[in-house]
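[1] build me a model:
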Amino acid sequence: MKAILLTESGGTDKLAISDIDTPVLQDNEVLVKVKALSINPVDIKTRTGKGVYGRIKEQMPIILGWDISGEVVDVADSASRFKAGDEVFGMVNFPGHGRAYAEYVAVPEHHLAHKPKEITHEEAAAATLAPLTAWQVLVHQGQVQPGQTVFVHAAAGGVGHFAVQIAKHLGAYVIGTASERNADFLKELGVDKHIDYRNQDFVQEAREVDFVLDPVGGDTTRRSLEILKPGRKLISIVGGANEKVQNVAQERGISAANYLVQSSGEDMEQLAALLATGKLKAHVSHVFNLDEIGKAHEQIETGRTVGKVVVVV
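    Numbers count the residues shown, from 1 in each chain. Here you go, the predicted model:
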């Protein structure tokens with residue numbers, strides 16, 4: 001099978017397409033013929049030696065990627081959730097070695113869900129790590145309730161545009177930041193108040209917030225503490241809630257924590273139900289072929305991607 005191998009960390013030139021053996025199934029795994037996969041910022045970080053590189057560097061050559069949509073073609077004797085011919089999608093083995101940049105991927109069956117027939121493989125691949133992050137942060141970590149105010153930084157981005165939709169599904173009032181050119185996109189997603197981060201100070205524009213989702217980090221994380229109600233919470237998905245930020249939060253009677261998404265077929269089934277009914281939609285802004293993986297990475301590296309970048313296999 002064809003796969004994109006990373007033999008050492010570095011630039012996109014370190015990604016090479018190669019022919020390798022098809023994976024051999026282990027207990028509770030299914031073999032998925034990949035139709036589409038999506039690219040996330042963690043892919044770029046890991047390629048350059050950051051992200052989860054330290055966790056998997058001993059498993060060279062590395063096959064990057066975690067987000068897939070495809071068709072089950074084989075099932076281990078111990079696996080029972082899926083059968084050959086089932087269309088599935090999910091985030092594979094995160095934060096471990098996903099091996100998604102390939103024609104075939106061996107996947108623990110409890111990391112997958114049935115792909116809704118109402119969406120394409122490209123849309124399904126896009127609706128994996130990013131919405132799973134948003135779901136776990138808002139539902140499990142934030143326990144967002146109807147009527148609460150949720151503030152989403154980078155609301156037009158991969159995680160952000162899903163977070164807006166999920167927060168609205170949960171009954172929240174949603175404030176989102178994005179550039180002015182993405183104001184209409186945020187309105188379509190359901191944002192109740194848009195803040196142009198380039199020309200407006202979000203600290204001056206938002207007050208009495210119940211929950212902040214931070215995919216930005218740095219000074220944005222620290223300043224976000226100023227808009228939270230006492231007793232409320234901020235979750236950073238980029239490690240922004242460092243010790244100093246957590247200490248300031250504690251002094252103000254609020255909570256600040258970091259969170260790393262985990263593979264979960266159970267949560268994927270929840271997302272699948274929303275995708276099937278149209279309550280959750282993936283915005284795919286760029287589509288590349290497998291041999292254009294470098295270009296896909298470069299698009300993410302611009303930092304200006306609206307929605308998701310997808311690669312068809």
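
[2] separation between the residue most central in space within the chain and Asp201?
    The chain has Ala130 as the residue nearest its centroid, 1.9 Å off, counting by Cα atoms, centre = their mean. For Ala130, the distance to Asp201 (Cβ to Cβ, to the nearest Å) stands at 27 Å. C-beta: built from backbone N, CA, C; applies to glycine.

[3] quickly find the element holding the closest residue to His97 other than its chain neighbours.
    What sits nearest to His97 in space, not counting adjacent residues and going by Cβ to Cβ, 6 or more residues apart in numbering, is Ile56, at 4.5 Å. Taking DSSP states H and E as the definition, one finds Ile56 inside helix 53-56.

[4] what's that helix in contact with?
    With Cβ atoms under 8 Å, 6 or more residues apart in numbering as the test, helix 53-56 has contacts from 9, 45-47, 62, 95-97.

[5] which of the residues you listed count as buried?
    Buried subset of the contacts of helix 53-56 (neighbour count, 16 or more other Cβ atoms under 10 Å): 46-47, 62, 95, 97.

[6] narrow those to those in helices?
    Those of the buried ones among the contacts of helix 53-56 mapping onto helices are 46-47, per DSSP state H.

[7] what's the closest of the buried ones among the contacts of helix 53-56 to Arg181?
    Taking Cβ to Cβ as the measure, Arg181 lies nearest Arg47 of these, at 28.4 Å.

[8] distance of Gly85 from Asn289?
    Taken as Cβ to Cβ, the span from Gly85 to Asn289 is 25 Å.

[9] more neighbours: these two, which one.
    For Gly85 versus Asn289, neighbours defined as other Cβ atoms under 10 Å are more numerous around Asn289 (11 against 8).

[10] from what I can see the more buried one touches Val311, true?
    Yes. Applying Cβ atoms under 8 Å, one finds Asn289 in contact with Val311, separated by 6.9 Å.

[11] mind listing the shared neighbours of these two?
    Here Asn289 and Val311 have no joint contacts, going by Cβ under 8 Å, 6+ apart.

[12] am I right that Ile4 sits in a strand?
    Yes. Under DSSP: H, G, I helix; E, B strand; the rest coil, Ile4 falls within a strand.

[13] could you pull out the strands for the stretch 51-200 of the chain?
    67-75, 87-91, 104-108, 112-114, 149-152, 173-178, 193-196 (DSSP state E, counting those that start in this stretch).

[14] the residue nearest to His97: neighbour count?
    20.

[15] cool, Val248 as well?
    14.

[16] list the contacts of it.
    222, 225, 256.

[17] phi and psi next, for it.
    Main-chain dihedrals, Val248, degrees, to the nearest 10: phi -60, psi -40.

[18] and if you look at Gly231?
    Dihedral angles (degrees, to the nearest 10) for Gly231: phi 80, psi 0.

[19] correct me if wrong: it contacts Gln250.
    No. With contact defined as Cβ under 8 Å, Gly231 does not reach Gln250; the gap is 11.9 Å.

[20] residue contacts, Ile195?
    Per Cβ under 8 Å, 6+ apart, neighbours of Ile195: 175-178, 202, 205-206.

[21] let me know the closest of these to Lys2.
    Once Cβ to Cβ is applied, the member of the contacts of Ile195 that ends up nearest Lys2 is Ala178, at 36.6 Å.

[22] run a quick neighbour tally on Lys187.
    12.

[23] and the longest strand for the protein?
    strand 29-39 (DSSP state E).

[24] mean confidence for that strand?
    Across strand 29-39, the average pLDDT comes to 98.

[25] partner strands of that strand, parallel or antiparallel?
    Strand partners for strand 29-39, identified by DSSP bridges, are recorded as strand 67-75 (antiparallel), strand 104-108 (antiparallel), strand 308-312 (antiparallel).

[26] and the first one, what's buried?
    Taking 16+ other Cβ under 10 Å as the basis for neighbour counts, the residues of strand 67-75 that come out buried are 67-72, 74-75.

[27] now the contacts of helix 53-56 in TSV, with pLDDT?
    TSV is the format used below for the contacts of helix 53-56 (pLDDT from 0 to 100):
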residue	pLDDT
Ser9	96
Lys45	97
Thr46	98
Arg47	98
Ile62	96
Pro95	96
Gly96	96
His97	97
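
[28] and which of those residues is nearest to Ala3?
    For the contacts of helix 53-56, the nearest to Ala3 is Ile62 (10.4 Å; Cβ to Cβ).
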